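1. need a 3D model of the sequence below.
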Amino acid sequence: MYYFKRNPFLIRQLFKKSLLWSIPDSTHEVYLTFDDGPTPELTLSILEILDFYKAKATFFCVGENVKRYPELFNSILDKGHGVGNHTFNHLNAWKNDNYFYLENIAKAAEYIPSRVFRPPYGRINSKLIKEIKKHYQIVMWTVLSGDFDRNTNPLQCFRNATSKTKAGDIIVFHDNLKAMQNVIEALPKTLDFFLKKGIKVVALPNNKLQF
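-> Got it, this is the predicted structure:
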């Protein structure tokens, strides 16, 4: 499986005005995000790890998971973490009609009180961007841990998340079963790494998002 561990500069520049890839004016912070939850097998463990390291994150949640596990979603909010919309059914924008996709986002919004959105798989098109930006800040990422890749391991995920990461970068881990073992082992190492570097791990800041 091939994917960019760090989104190429050219792609980020090309869509700089319409998609958020990083928060470059940050000096001592990186922004941690989790996609796909909440999940009963992993969410609480992630929250415990974040608590231990006094870190915050933004969870881009799938609406059907929030509907199924509202108590887990409330735990995320109660711990002071941010949340974002990740569609109701984790839809791939390249494989679905635009109108259906937008309706799916709206359905997720019934359960997820947020004005930030991340497209599953990072896939989106120009027409959707135009419509979604009327209601949301569209958040992509700078750094992908690769925790979802069954051919990788926790050490590699840790290296992906830290080796070239700098202040202002947005990092992606996943809150799903496929990523579970990699997250449980790589996340503490990642948080410890930044702690020792004097870099805070925080959720996406509302005051720096453009609505």
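
2. which strand or helix spans Asn160?
-> helix 154-162 (DSSP states H and E).

3. so how far is that helix off the chain centroid?
-> From the chain centre to the centre of helix 154-162 is a distance of 16 Å (CA atoms, centre = their mean, to the nearest Å).

4. after it, which helix or strand is next?
-> Immediately after helix 154-162, counting by DSSP H and E, sits strand 170-174.

5. which of the residues in whichever helix or strand comes after that following strand are buried?
-> Sequence order places helix 180-197 as the next helix or strand after strand 170-174, per DSSP H and E. Neighbour-count burial for helix 180-197 flags 180, 182-183, 185-188, 190-191, 193-194 (criterion: 16 or more other CB atoms under 10 Å). Placement of C-beta: from N, CA and C, glycine included.

6. kindly report the same for stretch 49-67.
-> Result for stretch 49-67 [16+ other CB under 10 Å]: buried residues 49-50, 55-66.

7. against Thr27, how distant is the spatially most central residue of the chain?
-> Centroid-nearest residue in the chain, with CA atoms, centre = their mean: Thr33, separated by 3.4 Å. Look at Thr33 and Thr27: by CB to CB, to the nearest Å, they are 20 Å apart.

8. cool, Pro119 as well?
-> Pro119 is 29 Å from Thr27, by CB to CB.

9. one more: Asp78?
-> Distance from Asp78 to Thr27, counting by CB to CB: 30 Å.

10. just put the buried residues of helix 180-197 in CSV and tack on distance to Ile132 and pLDDT.
-> Putting the buried residues of helix 180-197 into CSV (distance: CB to CB, whole Å; pLDDT from 0 to 100) gives the following:
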residue, distance to Ile132, pLDDT
Met180, 30, 98
Asn182, 30, 98
Val183, 28, 98
Glu185, 34, 98
Ala186, 31, 98
Leu187, 29, 98
Pro188, 34, 98
Thr190, 29, 98
Leu191, 31, 98
Phe193, 34, 98
Phe194, 31, 98
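
11. quick one: Thr43 and Leu77 touch, right?
-> No. The criterion here is CB atoms under 8 Å, and Thr43 misses it with Leu77 at 11.9 Å.

12. and Thr33, what does it touch?
-> By CB atoms under 8 Å, 6 or more residues apart in numbering, Thr33 lies in contact with 57-60, 84, 118, 139, 141, 170-173, 204.
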